[in-house]
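In: Please work out how this folds:
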Amino acid sequence: MSRTSPYHPEPAEVVVRGGKPLMVQVKKRRLRVKEIVNIWRIDEEWWRKLISRLYFLLELEGGVRCTVFRDLENGGWYRQNWV
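Out: Below you'll find the predicted structure:
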């Protein structure tokens, strides 16, 4: 799978308060989170590497929906594109 695959997580700039996203950088614009639609956590071993992530399905201003997650191993934020 190439790095341009829609399934490959991309590092994301996320403004957070209280552990929850407030704004997400999308195409050089910071968009405000209007609603957290869903939150879920994944803790599993994938190809012998532990994956521990907290996912947020967000509705941003302008009606844009996106999924971001916080990697609980390294603390980084990523955007996960789904097809």
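
In: Which stretches in this structure count as helices?
Out: Taking DSSP state H, the chain contains no helices at all.

In: in it, what spans have low per-residue confidence?
Out: The model of the chain has pLDDT under 70 over residues 1-7, 46, 82-83.

In: longest single strand anywhere in it?
Out: strand 29-46 (DSSP state E).

In: Direction included, what does it pair against?
Out: strand 20-26 (antiparallel), strand 49-60 (antiparallel) (DSSP bridges).

In: Name the residues that touch that strand?
Out: 13, 15, 20-25, 50-62, 64-65 (CB atoms under 8 Å, 6 or more residues apart in numbering). C-beta coordinates here come from the backbone N, C-alpha and C atoms, glycine included.

In: So among those residues, which ones count as buried?
Out: The neighbour count (16 or more other CB atoms under 10 Å) marks P21, M23, V24, R53, L54, Y55, F56, L57, L58, L60 as buried among the contacts of strand 29-46.

In: Please name the residues that touch the last one.
Out: Contacts of L60 were listed using CB under 8 Å, 6+ apart, and they are V24, V26, L31, R32, V33, K34, C66.

In: which one of the buried ones among the contacts of strand 29-46 sits closest to G76?
Out: R53 (10.2 Å; CB to CB).

In: Which residue comes closest to the closest one once chain neighbours are left out?
Out: F69 (4.5 Å; CB to CB, 6 or more residues apart in numbering).

In: At the geometric centre of this protein, which residue do we find?
Out: The residue lying closest to the centre of the chain (CA atoms, centre = their mean) is V68, at 1.0 Å.

In: related to what we said a few turns ago, which one of the buried ones among the contacts of strand 29-46 is nearest to E73?
Out: Checking these against E73 with CB to CB, the nearest one is R53 at 8.5 Å.

In: Against E35, how distant is that closest one?
Out: Noted for R53: a distance of 20 Å to E35, by CB to CB, to the nearest Å.

In: repeat for G76
Out: Taking CB to CB, one finds G76 at 23 Å from E35.
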